[in-house]
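In: output the structure for:
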Amino acid sequence: MRAGKEAGMKTPTFKAVRCALIALACALLMLPGRAFAAGEKITVAVVGPDVEGAPAYYAPETEVELADGDDAWTASSTVFESAGLAFEAEDSAYGVYLDSITSPVDGTALAYDDATGCYWQLFVDGVASEVGISDVEVADGTQIVWFYSAFGDEIPESIGVLADPDAAATADEPVQGAGGIRTGVIVAAAAVVVVVVCGVIYLRKRNAA
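Out: Numbering: from 1, shown residues only. All right, here's what the predicted structure looks like:
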């Protein structure tokens with residue numbers, strides 16, 4: 001009987017299952033460790049002029065979970081892309097500089113305007129930043145707002161919403177940034193663990209039969 005069991009345990013099916021379990025275990029070990037760490041969460045919003053020139057959300061206040069190596073600019077560009085906003089940025093002696101964001105209202109590339117002095121002014125926690133986006137030190141709960149305005153302007157208390165629901169992201173459509181990717185990795189890792197455990201239980205029952 002024991003010889004029969006040993007022979008059964010060496011069948012092609014058993015070998016295939018064993019190889020699959022080994023492969024899954026290796027894949028789990030190769031997942032980046034940061035995928036299991038809780039990241040800091042910050043919010044990013046973009047405010048620009050609507051058709052009448054009044055401030056409106058091009059991208060509403062959107063929460064982004066940072067992964068290792070992410071910063072304020074990573075979060076900002078993630079929100080821009082999620083909201084479907086075309087933008088231009090360049091590296092400078094002071095870090096990343098946001099040249100322009102294309103208005104979802106009329107397709108105009110809003111950059112520095114000599115006539116009005118407006119540009120994409122950076123606000124951190126409600127205050128105009130004295131440093132560029134690359135030098136902003138973020139912490140859990142940091143609020144970043146890009147507001148097309150002139151130097152000295154403040155974030156308005158009342159900010160409208162664009163009439164066209166497709167022109168910008170809405171609060172009901174959260175961005176999937178670095179944190180979203182990490183969540184997907186965690187789910188995948190959990191699935192691998194479940195498969196490995198089930199495989200081990202199956203092999204033990206087969207061995208005991």
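
In: partner strands of the strand ranked longest in the chain, with direction?
Out: Assignment by DSSP state E gives strand 55-65 as the longest strand of the chain. As defined by DSSP bridges, the strand partners of strand 55-65 come to strand 41-49 (antiparallel), strand 160-161 (parallel).

In: in stretch 72-79, what counts as buried?
Out: 72-79 (16 or more other Cβ atoms under 10 Å). Heads up, the C-betas are built off the backbone N, CA and C, glycines and all.

In: now swap in stretch 112-121 and tell me
Out: 118-121.

In: out of these, which one sits closest to Y112?
Out: Taking Cβ to Cβ as the measure, Y112 sits nearest to Y119 out of the buried residues of stretch 112-121, at 4.3 Å.

In: got the angle between whichever strand or helix holds the closest one and strand 41-49?
Out: According to DSSP states H and E, Y119 maps onto strand 118-124. On the basis of axes from the mean of the first three to the mean of the last three Cα atoms, to 10 degrees, strand 118-124 is oriented at 160 degrees to strand 41-49.

In: domains in this structure, by residue range?
Out: What automatic domain parsing lists as the domains of the chain is 2-30+183-208, 38-175.

In: averaging pLDDT over each of these, which comes out lowest?
Out: For the domains of the chain, mean pLDDT drops lowest on domain 2-30+183-208, to a mean of 55.

In: related to what we said a few turns ago, dump the buried residues of stretch 72-79 to CSV, plus secondary structure.
Out: Listed next are those as CSV, based on DSSP: H, G, I helix; E, B strand; the rest coil:
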residue, secondary structure
A72, helix
W73, helix
T74, helix
A75, helix
S76, helix
S77, helix
T78, helix
V79, helix
